[in-house]
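1. pasting the sequence and the predicted coordinates here, then a few questions.
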Amino acid sequence: MLTAIRAYQRLDSRGNPTVKVEVDTSQGTFSALVPSGASTGQHEAVELRDGDKSVYGGKGVSKAVHNVQDIIGPALVKEKFNPQSQQKEIDEYMRKLDGTPNKARLGANAILGVSMACARAGAAAAKIPLYEFLRKEAGVATESKYVLPVPFLNVLNGGVHSGNTMAFQEIMLAPVGATSFEEAVRMACEVYHRLKTVISDKYGPSATGIGDEGGFAPPITKPEEALDLLNTAVADCNYTGKMKYGIDPASSEFFREGDQYDLGFKDKTSNLLSRVQMLQLYTRLIEHYPVVLLEDPFAEDDWDAWTEFNKICPIELVGDDLLVTNVERVRMANDKKACNSMLLKVNQIGTVSEAMEAANLAFKQGWSVFVSHRSGETTDDFIADLTVALNTGHLKSGAPCRGERVVKYNRLMDIEAQLKVEHKSYIYAGDSFSSPSKR
Ligand code: PGA
Ligand code: ZN
């Protein structure tokens, strides 16, 4: 039973305030830290910020902290919720207590912190690891094998996550040819370090600084330049064929009036491309590079472009800003045949249960699910367990660099080791990351 709930203002990886929640039960104290995006979707649940420009530039979260301390916490304690058996009820109760469609009153950041901390308390009460607890909550069949995901590591950063002029936000490296998660991490780290040398040789050592997600941010503009650098590093490591790529242009950030996309948005050079030209660019990239996943190639409400592209797109087409981990948008996208995969970010929707519900709907529609961190992260490793719980087959948590990124990869290596010791049947998703051993 929940006996007390507290909240604090703490920092995320960009030095911005975020919400930390602690819940007490008879088993102890369980905490969670909430992440925060930069290229956020318009339809995401509301992240409550104080807006007082004289404190943290308006980014303080003291109102959200207050909402946990004085509204959500006392109400949940009074209701005597049991986190071991009532995750859905707790989440539903908070949703109703908020009373708005997008958690604007209490804040999705307040609600999510409580939801995640309660899941940890529930797992502890059940004396099982968090991934087991979430697996049961999601209704995954007990006999299905555990799936260790392919990590998609954002090794070259652009967009609003870095200071270079590349419009595309993320160029990801996916070690599909590994035989285990641990090996995937090793291979990715080898390429990451080689990439640093390749960049340094070409642009000088000052070009090896990194962006928000730990990837390099050299002075490049075109995605082809990024993919060529990556090809070189992969070849130098003798991993050609074993490494595939993912791209997240995060195109809502540079969608402009008149249905155009401005690839020059970062240095204001105005390099406008029509939808058709964008589609041609993606087709070229897929033809010339081992790209296996494309996320948000079109803007969050540019539905027709998504539908057109989905007809011909030969790879995994992921909706992030398009879907915002929201069942209504996931359903809408299925009706419009707009994509074939859902990005799962827990803070886009604001509770663990709703995120899992969206994932289950996506699976039911025959899609894949791709779990994601945010660009503003914390050292909370919740999404590692969530990925294994849902058998999603892939996740992205940035480059193998910086604590808030590697903590998720480290946790996944721990889970893999634990499954091995316990002789539980598991696979590394590898090439079938889009549809790992079906649930
Ligand atoms: P964000 O970026 O966390 O800044 O939204 C991640 C993404 O677009 O996938
Ligand atoms: Zn994205």
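-> Here it is on my side, so go on. Ligands and ions are numbered 1, 2, ... in the order given.

2. when you work out contacts or count neighbours from here on, use the C-alpha atoms and nothing else.
-> Will do.

3. touching, D380 and V407? I think so.
-> Yes: counting by Cα atoms under 8 Å, V407 is a contact partner of D380 at 7.5 Å.

4. so who does the nearest residue to N164 once chain neighbours are set aside touch?
-> Closest residue to N164 apart from its sequence neighbours, by Cα to Cα, 6 or more residues apart in numbering: P219 at 5.3 Å. Going by Cα atoms under 8 Å, 6 or more residues apart in numbering, P219 touches N164, T165, M166, Y203, A207.

5. does the helix or strand harbouring K20 reach ligand 1?
-> Element membership of K20, judged by DSSP states H and E, is strand 17-25. No: using Cα under 6 Å from any ligand atom, strand 17-25 never reaches ligand 1; the gap is at least 13.7 Å.

6. quick one: L97 from R105, how far?
-> Distance check for L97 against R105: by Cα to Cα, to the nearest Å, it reads 9 Å.

7. nearest to ligand 1: which residue in the stretch 201-350 of the chain?
-> At 5.4 Å from ligand 1, A250 is the closest residue in the stretch 201-350 of the chain, using Cα to the nearest ligand atom.

8. how far away is that residue from K202?
-> With distances taken as Cα to Cα, A250 is found 27 Å from K202.

9. so which residues of the protein form helices?
-> All helices of the chain, identified by DSSP state H, fall at 62-66, 73-78, 87-98, 108-126, 130-138, 181-203, 223-236, 275-288, 303-312, 327-335, 346-349, 352-364, 382-390, 403-421.

10. Throw these into a markdown table and include mean neighbour count, mean pLDDT and distance to ligand 1, thanks.
-> Formatted as a markdown table, the helices of the chain follow (neighbours: other Cα atoms under 10 Å; pLDDT from 0 to 100; distance: least, Cα to the nearest ligand atom, whole Å):
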| stretch | mean neighbour count | mean pLDDT | distance to ligand 1 |
| --- | --- | --- | --- |
| helix 62-66 | 21 | 98 | 19 |
| helix 73-78 | 18 | 98 | 27 |
| helix 87-98 | 18 | 98 | 23 |
| helix 108-126 | 27 | 99 | 14 |
| helix 130-138 | 21 | 98 | 23 |
| helix 181-203 | 19 | 98 | 19 |
| helix 223-236 | 19 | 98 | 16 |
| helix 275-288 | 15 | 98 | 17 |
| helix 303-312 | 17 | 98 | 17 |
| helix 327-335 | 17 | 98 | 16 |
| helix 346-349 | 28 | 98 | 9 |
| helix 352-364 | 21 | 98 | 16 |
| helix 382-390 | 24 | 98 | 13 |
| helix 403-421 | 18 | 98 | 12 |
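
11. for V23, which of those helices is the nearest?
-> helix 108-126 (6.3 Å; Cα to Cα).

12. distance between that closest one and the chain's centre?
-> Helix 108-126 sits 18 Å away from the centroid of its parent chain (Cα atoms, centre = their mean, to the nearest Å).

13. what's the angle from that helix to helix 87-98?
-> Here the directions of helix 108-126 and helix 87-98 differ by 160 degrees (axes from the mean of the first three to the mean of the last three Cα atoms, to 10 degrees).

14. closest point of the stretch 251-400 of the chain to ligand 1, which residue?
-> R374 (3.3 Å).

15. now do the contacts for the residue lying closest to that residue once chain neighbours are set aside.
-> In space, and not counting its chain neighbours, R374 is closest to G37: 5.1 Å by Cα to Cα, 6+ apart. Applying Cα under 8 Å, 6+ apart to G37 gives the contacts R374, S375, G376.

16. quick check: G37 vs ligand 1, distance?
-> G37 sits 3 Å away from ligand 1, going by Cα to the nearest ligand atom, to the nearest Å.

17. quick check: pLDDT value at that residue.
-> At G37, the predicted lDDT confidence score is 98.

18. and G258, how many neighbours does it have?
-> Look at G258: counted by other Cα atoms under 10 Å, it has 7 neighbours.

19. can we start the residue count at 54 from this point?
-> In the new count, where the first residue is 54, that last one comes out as G311.

20. tell me the contacts of it?
-> No contacts exist for G311 under Cα under 8 Å, 6+ apart.

21. can you give me the pLDDT of the residue in the stretch 104-253 of the chain positioned nearest to ligand 1?
-> Ranked by Cα to the nearest ligand atom, the top residue of the stretch 104-253 of the chain for proximity to ligand 1 is H214, at 6.9 Å. You'll see H214 listed with a pLDDT of 97.

22. got a list of what it touches?
-> H214 sits next to A91, Q222, G264, D265, E266, S428 when contact means Cα under 8 Å, 6+ apart.

23. check T404 too.
-> T404 sits next to D144, A161, I164, L165, S168, M169 when contact means Cα under 8 Å, 6+ apart.

24. same question, L414
-> Contacts for L414 were tallied using Cα under 8 Å, 6+ apart; they are V380, V383, R384.

25. contact partners of stretch 136-152?
-> Outside stretch 136-152, the residues touching it (Cα under 8 Å, 6+ apart) are 54-55, 125, 129, 134, 156-159, 164, 168, 171-172, 174-176, 178-179, 190, 404-407.

26. repeat that for 6 Å
-> Residues from elsewhere that reach stretch 136-152, judged by Cα atoms under 6 Å, 6 or more residues apart in numbering: R158, L159, C171, G175, A178, S406.
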